[in-house]
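> When you get a sec, could you give me coordinates for this:
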Amino acid sequence: MPSDPFKFKQTKEISRKDILLSVAREPESNRLFVGSSDSNVYLIDPAAEKAEPILLDGHSSYVTGIAVAGGFVVSGAYDGKLIWRDRKSLKTERVHKAHDKWIRAVEASPDGKYIASVADDMVCRVWDVASGKMKHELRGHESMTPSHFNSMLYACAFSNDGAHLATGDKVGHIVVWDMSSGKPVKTIESPGMYTWDPRARIHSIGGIRSLAFSPDNSVLAVGGMGKVGNIDHLEGKARLELFDWRAAKSIKVVECDKIKGLITRLAFHPKGDWLVGAGGDSKGGLVFFDAAGTKTLREESVPMHVHKFTATDSMDRLYLAGHNKLSIWELSV
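Numbering: from 1, shown residues only. I've put the predicted structure just below:
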């Protein structure tokens, strides 16, 4: 029987003084590594009664990406650095100046052998986790928007078989890469995620903020925000677009009825029961889509804007990280 998104409820809320910009789960213990606006990484056990965090410092700016891979936890920040820490000792093993501009995301391959980092230098770099050596440098995104402003490279995601990696930028350009060769195999456009105001504000908003492959790797889900009237605010509807990525064909676009702002994270249920996204505007939102992505099943307000979330392997628990809070949602029986 498919799991029921309507049976998810918030079971715990952990207050913070900072903004949590990234989160990754340690599989064996369900402890969480979170990246903070105070330039630090923290280890938190959400099952503990008081959930006292353990401090792991090392960055000098916002920690916007974090991944658990192999025996390491790797974090990336606006300082352009990637830091490898041993998962058991929590000691720093290596530090790379990985990018020339702000790192936006760090993701681990399904087998834990590689991590990918994307940044506003418009480069995706793939790293061998064990050695720290760079495997690929992927350049498929323009540094300037068509209106001659700096672009951003916000998101990346590995396919579930580890064979491909997708990257997405501010203007809605997506590249799917072959992981063995490092060559691009498909380019996709999702311009509905991007709003350019040439008159009142003369700048833009939006972009590809999240990517996820379906369990069978045939569909690429893209998250962001629909068209915006006043681009000084995240007032557009939260937006999902699904692609048959091998054909570079848009299958379906869904815009939320209640949730406004960005979808900053997407994840498929491992059995394909549904698809979940989170993000929001000044308020937070959690939204479940049906398995085909044709409609929203549930749109729920959450107590903060969500920057990232992670989940258990069975997707029966979600850990939402955002402004001044960590929110845990569980699937009741």
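
> tell me what the longest strand seen in the chain is packed against?
Identified as the longest strand of the chain according to DSSP state E is strand 8-25. Judged by 3 or more Cβ pairs under 8 Å, 6 or more residues apart in numbering; DSSP states H and E, strand 8-25 is in contact with strand 32-36, strand 63-69, strand 103-108, strand 296-302, strand 306-311, strand 317-331. (Each C-beta comes from the backbone N, C-alpha and C, glycine too.)

> switch to 6 Å and redo it
In terms of contacts (3 or more Cβ pairs under 6 Å, 6 or more residues apart in numbering; DSSP states H and E), strand 8-25 is packed against strand 32-36, strand 63-69, strand 306-311, strand 317-331.

> right, so of these, which gets closest to Asp4?
strand 317-331 (7.6 Å; Cβ to Cβ).

> List the buried residues in the closest one.
Within strand 317-331, the residues scored as buried using 16 or more other Cβ atoms under 10 Å are 317-323, 325-329, 331.

> coming back round to it: any chance of a markdown table for the helices and strands packed on strand 8-25, columns distance to Asp86 and mean pLDDT?
Conversion of those to a markdown table gives the following (distance: least, Cβ to Cβ, whole Å; pLDDT from 0 to 100):
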| stretch | distance to Asp86 | mean pLDDT |
| --- | --- | --- |
| strand 32-36 | 12 | 98 |
| strand 63-69 | 12 | 98 |
| strand 306-311 | 20 | 98 |
| strand 317-331 | 22 | 97 |
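
> residue ranges with poor pLDDT in the chain?
1 (pLDDT under 70).

> sorry, back to before: so which of the helices and strands packed on strand 8-25 comes closest to Lys258?
strand 306-311 (14.7 Å).

> That closest one vs strand 103-108, what angle?
Strand 306-311 and strand 103-108 are oriented at 0 degrees to each other (axes from the mean of the first three to the mean of the last three Cα atoms, to 10 degrees).

> Identify the residues contacting strand 306-311?
Contacts to strand 306-311, defined as Cβ atoms under 6 Å, 6 or more residues apart in numbering, come from residues 21-25, 264-265, 267, 278-280, 284, 318-322.

> what sits against the residue nearest the centre of the chain?
When Cα atoms, centre = their mean is applied to the chain, the residue found nearest the centroid is Arg265 (4.4 Å). Applying Cβ under 6 Å, 6+ apart to Arg265 gives the contacts Ser210, Ala278, Lys308, Phe309.

> residue ranges of the helices in the stretch 101-250 of the chain, please?
In the stretch 101-250 of the chain, no helices are defined using DSSP state H, counting those that start in this stretch.

> Which parts of it are strands?
Using DSSP state E, counting those that start in this stretch, the strands found in the stretch 101-250 of the chain span residues 103-108, 114-119, 124-128, 134-138, 153-158, 164-169, 173-178, 184-189, 194-197, 203-206, 210-213, 219-225, 237-244, 249-260.

> Could you dump those strands into CSV and include mean neighbour count and distance to Ser301?
Formatted as CSV, the strands of the stretch 101-250 of the chain follow (neighbours: other Cβ atoms under 10 Å; distance: least, Cβ to Cβ, whole Å):
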stretch, mean neighbour count, distance to Ser301
strand 103-108, 26, 25
strand 114-119, 27, 29
strand 124-128, 21, 33
strand 134-138, 16, 37
strand 153-158, 26, 24
strand 164-169, 26, 26
strand 173-178, 21, 29
strand 184-189, 16, 31
strand 194-197, 20, 24
strand 203-206, 20, 22
strand 210-213, 24, 19
strand 219-225, 27, 17
strand 237-244, 22, 12
strand 249-260, 17, 8
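
> Make a markdown table out of those strands and add distance to Val74.
Output for the strands of the stretch 101-250 of the chain, formatted as a markdown table (distance: least, Cβ to Cβ, whole Å):
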| stretch | distance to Val74 |
| --- | --- |
| strand 103-108 | 6 |
| strand 114-119 | 5 |
| strand 124-128 | 8 |
| strand 134-138 | 13 |
| strand 153-158 | 14 |
| strand 164-169 | 16 |
| strand 173-178 | 19 |
| strand 184-189 | 24 |
| strand 194-197 | 29 |
| strand 203-206 | 28 |
| strand 210-213 | 19 |
| strand 219-225 | 23 |
| strand 237-244 | 28 |
| strand 249-260 | 31 |
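
> closest one to Asp79 among those?
For Asp79, the closest of the strands of the stretch 101-250 of the chain is strand 103-108, at 8.0 Å, according to Cβ to Cβ.

> Next, the residues that contact that closest one from outside, please.
For strand 103-108, the external contacting residues (Cβ under 6 Å, 6+ apart) are 64-65, 67, 69, 76-77, 115-119, 154-156.

> switch the cut-off to 8 Å
For strand 103-108, contacts defined as Cβ atoms under 8 Å, 6 or more residues apart in numbering pick out 22, 24, 64-69, 74-78, 80-82, 114-120, 129, 152-158.

> Could you find the closest non-adjacent residue to Glu255?
Excluding the flanking residues, the one nearest Glu255 by Cβ to Cβ, 6 or more residues apart in numbering is Lys237, at 4.0 Å.

> That neighbour against Gly229, yeah?
No - in this structure, Lys237 is not within contact of Gly229 by Cβ atoms under 8 Å, at 11.3 Å.
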